[in-house]
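J.: I would like to see how this sequence folds:
(one chain, ligands or ions: 2)
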Amino acid sequence: MRVLVTGGTGYIGSHTVVELLTAGHEVTIVDNLANSSPIVVDRISAITGSSFDFHSIDVRDEAGLDDVVATAAYDAVLHFAGLKSVAESVERPLEYFDNNVTGTITLCRVLARRGVRTIVFSSSATVYGDPPSLPLTEATPPGAPTNPYGRTKLVIEDILTDLQRADRRWSVILLRYFNPVGAHESGLVGEDPKGTPNNLMPYLAQVAVGKLDRLTIHGDDYATPDGTGVRDYIHVVDLAAGHVAALEKLVGVPGAHVYNLGTGSGTSVRELVAAFETAAGRTIPTVVGPRRPGDVAANWCDASKAAAELGWVATRTTADMCRDMWRWQTQNPDGYET
Ligand code: NAD
Ligand code: UFG
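T.: Ligands and ions are numbered 1, 2, ... in the order given. The predicted structure follows:
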């Protein structure tokens, strides 16, 4: 298959490109490097021994994107490109809607013009809002996301579903990620947050490596077994493999297909801290703070639809996630600029 990957130098995109190349697919990356490093291109080549095209283009640049899409007969697009910080989206909603929503509309216009009608979209568990019940299945109605970032995901899901209703030839694949963590086992690619991390796993790793003093646990009075927030953490390489499985099954298959990609089980903040301490072989100082606004108490998915229909299951354990994150962090203490 020939696959166009938007946002392919980012965290999840880079791991997915590795899995695509390893599976023998041809890849072209489009990324404006707004939140990634060009070094990633060399790292992917080093892991896979394969070459691929990279274009430093914004997906809102319709003419530039059209030039890329016109040059080859793409079978599908994996659309990762987007801004993803919840806090930033609250401060800069217009930027988030423009980048994520306008970017997707521009991309779809180019794809339609060039006859590419399979798109895999990076959606999020955030579209479920505060879970009415657990586990979350694909039949759980989307709720009310608590921030502009989450609302861009829901709007884009609606736009792509409407596009498929209007032209039934489209294969629209909406993948709702739970909490992607970890890194490639080579330690060559991983998550490289700019500034202080917002998410638990990269924060933990930076405390463990000594860049940050301690982890603040955002609330220990939730109605969960140990009072801390529970999430469905999924190893980023399992998530990447889920994209390859979805593509291989659904490319050119008309419809709007929705899948949860998670492990199907929840881990609390305290449990993840303990697992990371074991992986890193050191104690991680913590302090309990107030709840973080907008956080849900617990969130995990029913992953059985992807297993039954895509033949995909997440196989990596929490210990694997922490071990691989720790390898990435110690080999690249300052990320790609190390
Ligand atoms: P990331 O920031 O590492 O990767 C996104 C990439 O898209 C970056 O390389 C960035 O430079 C690029 N990009 C952003 N706007 C662009 C534009 N207008 N044109 C071209 N390139 C652009 O993020 P990630 O964690 O790899 O996330 C990938 C996708 O998955 C995003 O859409 C994100 O919202 C979604 N997602 C992420 C998570 C998560 O926890 N990481 C969870 C659910 C969904
Ligand atoms: N947490 C802490 N301390 C921190 C960071 C996080 O205690 O310094 C806790 C949170 O309160 C939560 C858990 O760790 O209970 C996980 O938090 P993350 O920020 O790692 O992940 P979230 O589930 O809050 O956020 C993720 C994605 C968002 C997405 C959201 C909803 O990162 O992009 O899921 O699906 F919007």
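
J.: and for Thr330, nearest residue in space, chain neighbours not counted?
T.: In this structure, Thr330 finds its nearest non-sequential neighbour in Val209, 6.5 Å apart by Cβ to Cβ, 6 or more residues apart in numbering. From N, CA and C alone the C-beta is placed, and that goes for glycine too.

J.: touching, that neighbour and Gln329? I think so.
T.: Yes - the pair Val209 and Gln329 passes the contact test of Cβ atoms under 8 Å, sitting 5.3 Å apart.

J.: more neighbours: the two, which one.
T.: For Val209 versus Gln329, neighbours defined as other Cβ atoms under 10 Å are more numerous around Gln329 (24 against 16).

J.: contacting residues around Trp328?
T.: Going by Cβ atoms under 8 Å, 6 or more residues apart in numbering, Trp328 touches Gly182, Ala183, His184, Gly187, Val189, Gly190, Glu191, Ala205.

J.: for the helix or strand where it lies, which residues meet the burial criterion?
T.: Taking DSSP states H and E as the criterion, Trp328 maps to helix 318-331. Buried positions in helix 318-331, judged by neighbour count with 16 or more other Cβ atoms under 10 Å: Thr318, Asp320, Met321, Cys322, Arg323, Asp324, Met325, Trp326, Arg327, Trp328, Gln329.

J.: count the neighbours of the nearest residue to Thr102 once chain neighbours are set aside for me.
T.: In this structure, Thr102 finds its nearest non-sequential neighbour in Arg60, 5.6 Å apart by Cβ to Cβ, 6+ apart. When counting by other Cβ under 10 Å, one arrives at 17 neighbours for Arg60.

J.: are the helix or strand of the chain with the lowest mean pLDDT and ligand 2 in contact anywhere?
T.: Lowest on mean pLDDT, DSSP states H and E among the helices and strands of the chain sits helix 86-91, with a mean of 94. Yes - legend: contact between helix 86-91 and ligand 2 by Cβ under 6 Å from any ligand atom is shown at Val86.

J.: tell me what that helix is packed against?
T.: helix 148-166 (3 or more Cβ pairs under 8 Å, 6 or more residues apart in numbering; DSSP states H and E).

J.: hmm, back to that, gap between the residue nearest to Thr330 and Glu271?
T.: Using Cβ to Cβ, to the nearest Å, Val209 is found at 21 Å from Glu271.

J.: cool, Val110 as well?
T.: 44 Å.

J.: which residues touch whichever residue of the stretch 201-338 of the chain sits closest to ligand 1?
T.: Residue of the stretch 201-338 of the chain nearest ligand 1, by Cβ to the nearest ligand atom: Val236 (8.3 Å). If you count contacts by Cβ under 8 Å, 6+ apart, Val236 has them with Tyr11, Ile12, His15, Pro180, Val181, Gly182, Ala183, His184, Glu191.

J.: make JSON lines from those residues and add secondary structure to it.
T.: Output for the contacts of Val236, formatted as JSON lines (DSSP: H, G, I helix; E, B strand; the rest coil):
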{"residue": "Tyr11", "secondary structure": "helix"}
{"residue": "Ile12", "secondary structure": "helix"}
{"residue": "His15", "secondary structure": "helix"}
{"residue": "Pro180", "secondary structure": "strand"}
{"residue": "Val181", "secondary structure": "strand"}
{"residue": "Gly182", "secondary structure": "coil"}
{"residue": "Ala183", "secondary structure": "coil"}
{"residue": "His184", "secondary structure": "coil"}
{"residue": "Glu191", "secondary structure": "coil"}
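
J.: contact residues of the stretch 1-150 of the chain facing ligand 1?
T.: So the stretch 1-150 of the chain meets ligand 1 at 6-7, 9-13, 31-36, 58-60, 80-84, 99, 103, 122, 124 (Cβ under 6 Å from any ligand atom).
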